[in-house]
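Asks: take this sequence and fold it.
(2 chains)
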Number of protein chains: 2
Amino acid sequence: MISIKSLKRYSKKADYTYTLGAYPTFELLNRHPEYVQQVIVSTQAKPEIQEKLDILCRKSQVPCLCNDKVLDKIREKEACIVAGVLRKYEDHIEADKNHIVLVNPSDMGNLGTIIRTGLGFGIRNIAVIEPCVDVFHPKVIRASMGAVFSVHIESFKSFETYRQEAGNKKAYYPFMLKGSVSLSELKQDSSSSFALIFGNESSGLPDSYLELGQPVRIRHTDAIDSLNLAMAAGIAIYEFTKRQDIL
Amino acid sequence: MISIKSLKRYSKKADYTYTLGAYPTFELLNRHPEYVQQVIVSTQAKPEIQEKLDILCRKSQVPCLCNDKVLDKIREKEACIVAGVLRKYEDHIEADKNHIVLVNPSDMGNLGTIIRTGLGFGIRNIAVIEPCVDVFHPKVIRASMGAVFSVHIESFKSFETYRQEAGNKKAYYPFMLKGSVSLSELKQDSSSSFALIFGNESSGLPDSYLELGQPVRIRHTDAIDSLNLAMAAGIAIYEFTKRQDIL
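Replies: Numbering: from 1, shown residues only, chains lettered A, B, ... in the order given. Modelled structure (predicted):
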């Protein structure tokens, strides 16, 4: 286990990451206590937060330490009264389930929000295609409000690798401004599981994706250039899952 | 006009605000040049940005000054290469149109995102019920990507004031976890314009709103507590407008 004094601000190279904030730390302790190395709590934390942490940590035999200096060192911009230290882990998506595929996402807040919304609508498998943001970055974990610990997320070198390893025999729906069918008029192919595919925040999906499955557009007025990526993904996920029984 | 040297970091009390970033500044100059006092550009701005600004500013006879020190003083956390200085203005929503009503929104990013999504789906009238975030804050303007300049936004002291002054004779749809009808099964009342009503990020709408119009819930799994406010609003706006011709 890494010593608390040697903890530094998050780095992509490190083999551990952080949950910054009480809520994602609770989620971590509830879902994956086996990954947690320690929990750090501020002297400013409310008694009810301390109490809840204490119960969860004792249950999983995770050390819980009080140390404001370390919290101040590892936090990002925002204040932080609770942090979990966890080792990074390898994960694989389930090939036979519905997928969200994010091609080159570049905003950590968007990635976290999409993970959380996917979980809310019952999609628990998310493929990200490199280059993309670091899925273990504390900002992604925080934006997901800990939902990252309830889903499978896997990075792939390319869309082709994703397709070979996990995305075979799927109904593909790339979301593109040039999509030939509008989301609200789409007839969903229910004979196989689906993959909802979204491009980068600035550049969207390359035209080559027009050849893949059924390209879809979300109609909007020309008063805006495009919807925010997380919003477009959330609306698509809602529309694709709203008739399902799992909700 | 306020002197460039006396410009300070944004304050709610000031009678002017800022567009921070090139995109919202372009939107401001295109939509409401009459409110712009001056534009400030960094020496680091790309030539094509400088050129576009120059054309827009000359068209509207707005002074465009190069000053890195002032930009550094007025920017928020993020870097900023272009800023517009504009006087705050009074605005009123159109009573006969569809409305988004945000009761006590507390997150500036959410407010901006909702404004932008509303505009994308053709809803150009947004009522905010106090207490709430400052709608003129540069973070709201930035999160909306300048969409604030293409819609009407009005603050009201209370929901009752909104109802009396602008929200009469509307089909009300308060969005609540306890809503009796699911969004995906809702039969929309098309005989009158609608108001989609959303509560605060943490507390939602008080139970008293259950008595108002048709309370709606957005079904989701119990793996999450609730959807993000902007996401819930975006999904609702999409569902309510997707059959309209305006898109």
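Asks: how about the helices in chain A?
Replies: Under the criterion DSSP state H, chain A contains helices at A:22-31, A:47-60, A:68-74, A:108-120, A:138-143, A:159-165, A:229-241.
Asks: name the surrounding residues that touch the fourth one.
Replies: Counting by CB atoms under 8 Å, 6 or more residues apart in numbering or on different chains, the neighbours of helix A:108-120 from elsewhere in the structure are A:100, A:102, A:105, A:124, A:126, A:128, A:132-135, A:137, A:139-145, A:147-148, A:150-151, A:153, A:198, A:201, A:228-230, A:233-234, A:237-238, B:220-221, B:223-224, B:227-228, B:231. For every residue, glycine as well, the C-beta is placed using N, CA and C.
Asks: follow-up on the earlier one: make TSV from the helices of chain A and add mean neighbour count to it.
Replies: Below are those laid out as TSV (neighbours: other CB atoms under 10 Å in any protein chain shown):
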stretch	mean neighbour count
helix A:22-31	21
helix A:47-60	14
helix A:68-74	15
helix A:108-120	26
helix A:138-143	24
helix A:159-165	16
helix A:229-241	25
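Asks: turn those into CSV, columns for distance to A:Ala83 and mean pLDDT.
Replies: Putting the helices of chain A into CSV (distance: least, CB to CB, whole Å; pLDDT from 0 to 100) gives the following:
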stretch, distance to A:Ala83, mean pLDDT
helix A:22-31, 7, 96
helix A:47-60, 11, 95
helix A:68-74, 6, 93
helix A:108-120, 16, 97
helix A:138-143, 8, 96
helix A:159-165, 32, 97
helix A:229-241, 25, 97
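Asks: if I pick A:Gly167, what's in contact with it?
Replies: With CB under 8 Å, 6+ apart, A:Gly167 has these contacts: A:Ala95, A:His99, A:Val101, A:Ala127, A:Ala195.
Asks: using TSV, lay out the helices of chain A together with distance to B:Leu28.
Replies: Putting the helices of chain A into TSV (distance: least, CB to CB, whole Å) gives the following:
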stretch	distance to B:Leu28
helix A:22-31	36
helix A:47-60	43
helix A:68-74	38
helix A:108-120	24
helix A:138-143	28
helix A:159-165	38
helix A:229-241	22
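Asks: now for those helices, which one comes closest to A:Ala171?
Replies: helix A:229-241 (10.1 Å; CB to CB).
Asks: if I take the closest one and helix B:108-120, what angle do their directions form?
Replies: Angle of helix A:229-241 versus helix B:108-120, following axes from the mean of the first three to the mean of the last three CA atoms, to 10 degrees, is 60 degrees.
Asks: name the helices or strands packed onto helix A:229-241?
Replies: strand A:99-103, helix A:108-120, strand A:194-198, helix B:229-241 (3 or more CB pairs under 8 Å, 6 or more residues apart in numbering or on different chains; DSSP states H and E).
Asks: specify the angle between the last one and strand B:194-198 in degrees.
Replies: Here the directions of helix B:229-241 and strand B:194-198 differ by 160 degrees (the same axes, to 10 degrees).
Asks: and of the helices and strands packed on helix A:229-241, who's closest to A:Phe26?
Replies: helix A:108-120 (14.6 Å).
Asks: kindly export that closest one (C-alpha atoms) in CSV.
Replies: C-alpha atoms of helix A:108-120 as CSV (Å, rounded to 0.1, in the frame of the first residue of the first chain):
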residue,chain,number,x,y,z
MET,A,108,-13.9,14.7,-18.6
GLY,A,109,-17.1,16.2,-17.4
ASN,A,110,-19.0,15.0,-20.5
LEU,A,111,-17.6,11.5,-20.1
GLY,A,112,-18.7,11.3,-16.5
THR,A,113,-22.1,12.7,-17.2
ILE,A,114,-22.7,10.2,-20.0
ILE,A,115,-21.6,7.3,-17.8
ARG,A,116,-24.1,8.4,-15.1
THR,A,117,-26.9,8.9,-17.6
GLY,A,118,-26.2,5.5,-19.2
LEU,A,119,-26.4,3.8,-15.8
GLY,A,120,-29.7,5.7,-15.1
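Asks: distance of the residue nearest to the spatial centre of chain A from chain B?
Replies: In chain A, the C-alpha nearest the mean C-alpha coordinate belongs to A:Ile115, at 3.6 Å (CA atoms, centre = their mean). Noted for A:Ile115: a distance of 10 Å to chain B, by CB to the nearest CB, to the nearest Å.
Asks: for the residue nearest to that residue when sequence neighbours are not counted, what are its contacts?
Replies: Using CB to CB, 6 or more residues apart in numbering or on different chains and skipping residues adjacent in sequence, the residue nearest A:Ile115 is A:Ser144, 4.3 Å away. Residues in contact with A:Ser144 (CB under 8 Å, 6+ apart) are A:Pro24, A:Leu111, A:Gly112, A:Thr113, A:Ile115, A:Arg116.
Asks: now tabulate those residues in CSV and tack on distance to B:Pro174.
Replies: Formatted as CSV, the contacts of A:Ser144 follow (distance: CB to CB, whole Å):
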residue, distance to B:Pro174
A:Pro24, 29
A:Leu111, 31
A:Gly112, 28
A:Thr113, 23
A:Ile115, 28
A:Arg116, 23
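Asks: what is the nearest of the residues you listed to A:Val62?
Replies: A:Pro24 (14.8 Å).
Asks: got a list of what the nearest residue to the closest one once chain neighbours are set aside touches?
Replies: In this structure, A:Pro24 finds its nearest non-sequential neighbour in A:Gly146, 3.6 Å apart by CB to CB, 6+ apart. Residues near A:Gly146 by CB under 8 Å, 6+ apart: A:Thr19, A:Tyr23, A:Pro24, A:Thr25, A:Phe26, A:Glu27, A:Leu28, A:Arg31.
Asks: and which of those residues is nearest to chain B?
Replies: Nearest to chain B among the contacts of A:Gly146: A:Tyr23, at 8.9 Å, using CB to the nearest CB.
Asks: ok, that closest one to A:Leu71 distance?
Replies: Going from A:Tyr23 to A:Leu71 by CB to CB, to the nearest Å gives 16 Å.
Asks: tell me how far A:Gly204 lies from chain B.
Replies: Taking CB to the nearest CB, one finds A:Gly204 at 15 Å from chain B.
Asks: what does chain A put close to chain B?
Replies: By CB under 8 Å from any CB of the partner chain, the residues of chain A that approach chain B are A:77, A:113, A:116-117, A:119-122, A:145, A:147, A:150, A:183-184, A:218-221, A:223-224, A:227-228, A:230-231, A:234-235, A:238-239, A:242-243, A:246-247.
Asks: repeat the analysis, applying 6 Å as the threshold.
Replies: A:117, A:119-120, A:122, A:150, A:184, A:219-221, A:223-224, A:227, A:231, A:234-235, A:238, A:242, A:247 (CB under 6 Å from any CB of the partner chain).
Asks: so where is chain A shaky, pLDDT-wise?
Replies: A:1, A:245-247 (pLDDT under 70).
Asks: okay, domains of it per the record?
Replies: A:15-87, A:99-241 (automatic domain parsing).
Asks: chain neighbours aside, what residue packs nearest to A:Tyr238?
Replies: B:Ile235 (4.7 Å).
Asks: roughly how far does that neighbour sit from A:Gly109?
Replies: 18 Å.
Asks: what of A:Phe149?
Replies: Distance, A:Phe149 to A:Gly109, using CB to CB: 18 Å.
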